[in-house]
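K.L.:
would you be able to build a 3D model of this:
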Amino acid sequence: MENCRKKLRTKIVIYRILAALLLIALIVLQVLEGKGILKGETNFGFFVGGITVLIMNIIRMRKAVKDDAAMKQWYVRNTDERTIAVQQKAGNFTSLFTLFVLCIATIAASYINNTVYWTLGAAMGVYLVIYLGSLVYFNKKM
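P.N.:
Presented below is the predicted three-dimensional model:
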């Protein structure tokens, strides 16, 4: 249980660093946009949403670190074999379905716009390389 508590404390530190980096990036982009260096709009909602999610997770993890009952619940939820198996099955299905949808979108885009076609093709290629790389990695690891 103490090992899990250490992992949570490490995650809290990482999430705080990520939230700070997102906040700094948001401020820099807003300043650059205000000075006219950047044209258009920055993704304000993306940054605020990311910071909000990170803060909510930090609050939940801090509660688990401080309270033994919440820590036990956190440990059970993250080490339950059934939950892990369900997440793996859902992740595998989602990966293959996303690849299928990218293939269909790439084929459809080839008739409409050449730039979109190549962009989707590149995205599909990168996705496929990452998927196959992780497949090889986890086959060797397990």
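
K.L.:
from now on I want contacts and neighbour counts done on CA atoms only, so please keep to that.
P.N.:
OK.

K.L.:
what sits against Y15?
P.N.:
By Cα atoms under 8 Å, 6 or more residues apart in numbering, Y15 lies in contact with 54-55, 58.

K.L.:
if we go to 10 Å?
P.N.:
9, 21, 51, 53-55, 57-58 (Cα atoms under 10 Å, 6 or more residues apart in numbering).

K.L.:
export those residues to TSV and tack on neighbour count and distance to L96?
P.N.:
Below are the contacts of Y15 laid out as TSV (neighbours: other Cα atoms under 10 Å; distance: Cα to Cα, whole Å):
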residue	neighbour count	distance to L96
R9	17	34
L21	14	32
I51	20	30
V53	14	27
L54	21	28
I55	16	31
N57	16	28
I58	21	32
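
K.L.:
closest one of those to D68?
P.N.:
Using Cα to Cα, R9 comes nearest to D68 of the contacts of Y15, at 14.2 Å.

K.L.:
how near is A19 to D67?
P.N.:
Applying Cα to Cα, to the nearest Å, the value for A19 to D67 is 24 Å.

K.L.:
same question, F138
P.N.:
For F138, the distance to D67 equals 34 Å [Cα to Cα].

K.L.:
how's this structure carved up into domains?
P.N.:
Domain segmentation of the chain under automatic domain parsing yields 1-79, 81-142.

K.L.:
continuing past the helix or strand where N92 lies, what's the next helix or strand?
P.N.:
Assigned by DSSP states H and E, N92 falls within helix 81-112. The element immediately downstream of helix 81-112 (helix or strand, assigned by DSSP H and E) is helix 114-141.

K.L.:
and V28, what is it in contact with?
P.N.:
So V28 contacts 22, 34 (Cα under 10 Å, 6+ apart).

K.L.:
let's have the domains of the chain in CSV, adding mean pLDDT.
P.N.:
Output for the domains of the chain, formatted as CSV (pLDDT from 0 to 100):
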stretch, mean pLDDT
domain 1-79, 87
domain 81-142, 91
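
K.L.:
can you name the element that comes right after the strand or helix carrying R62?
P.N.:
Per DSSP H and E: R62 is located in helix 44-66. Per DSSP H and E, helix 44-66 leads on to helix 68-79 as the next helix or strand towards the C-terminus.
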